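# Make a model of this:
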Amino acid sequence: MLYFEDLTPGRLFHTASHTLTQDEIIQFARQFDPQPFHTDPVAAKASVFDGLAASGWHTSSLTMRLITASELKEVANGLIGMGIKDMRWPQPTRAGDTLRAEIEVLTGKRSTSQPGFGVVQLRWTTRNQRDEIAMQLETAIWVACRPAA
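Purely as a prediction, here's the structure:
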């Protein structure tokens, strides 16, 4: 198990990778973000993206999936999110892109109102195979402290 005390500033976690297919991009977008540049390769060619692009929400959801399969799946009480700030998608994700994520612990602060818990600030950075940033965000998670021996 990973507890609050294990999530020290500067610690890095890395995920496995996943290569997105055109079918995955279209299927996700049809259900959750049905815009032509996510669902129609022909229409997407005439868009600002100049081709089919995955929804940013797809990139974010895939990142969450990669993180929940990483060492961070061992956080004692689960990855309980408290909020997200500064989410951005500086590069479109495309079919054939292989994404992986790095999670950096930024800060940690024990709760004064609920002993036994702390708040940990994390930065998620999702990169493609060219090492370009596909998504980045900062988030706070609620983490259990190590039980007294």
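
# For this structure, just list every one of the helices.
22-32, 36-39, 41-45, 56-68 (DSSP state H).

# who touches the spatially most central residue of the chain in this structure?
Nearest to the centroid of the C-alpha atoms of the chain, with distances taken as CA atoms, centre = their mean, sits residue 63, at 3.6 Å. For residue 63, the contacting residues are 15, 99, 101, 124, 126, 135, by CB atoms under 8 Å, 6 or more residues apart in numbering. Quick note: C-beta positions are derived from backbone N, CA and C, even for glycine.

# Please flag which of those residues sit within strands.
Judged by DSSP state E, those include 15, 99, 101, 124, 126, 135 as members of strands.

# which residues touch the third one?
Right, the one you point to is residue 101. With contacts defined as CB under 8 Å, 6+ apart, residue 101 is in contact with 14, 15, 63, 66, 67, 70, 124, 125, 126, 127.

# Tell me how many other residues crowd the fourth one.
Each residue near residue 66 was counted by other CB atoms under 10 Å, and the total is 21.

# Identify the residue nearest it in space, chain neighbours excluded?
Here the nearest residue to residue 66 in space, its sequence neighbours aside, is residue 15; by CB to CB, 6 or more residues apart in numbering that works out to 3.8 Å.

# just checking, the one you found touches residue 100?
Yes - the pair residue 15 and residue 100 passes the contact test of CB atoms under 8 Å, sitting 5.5 Å apart.

# any residues in contact with both of those two?
Common contacts of residue 15 and residue 100, defined by CB under 8 Å, 6+ apart, comprise residue 66.
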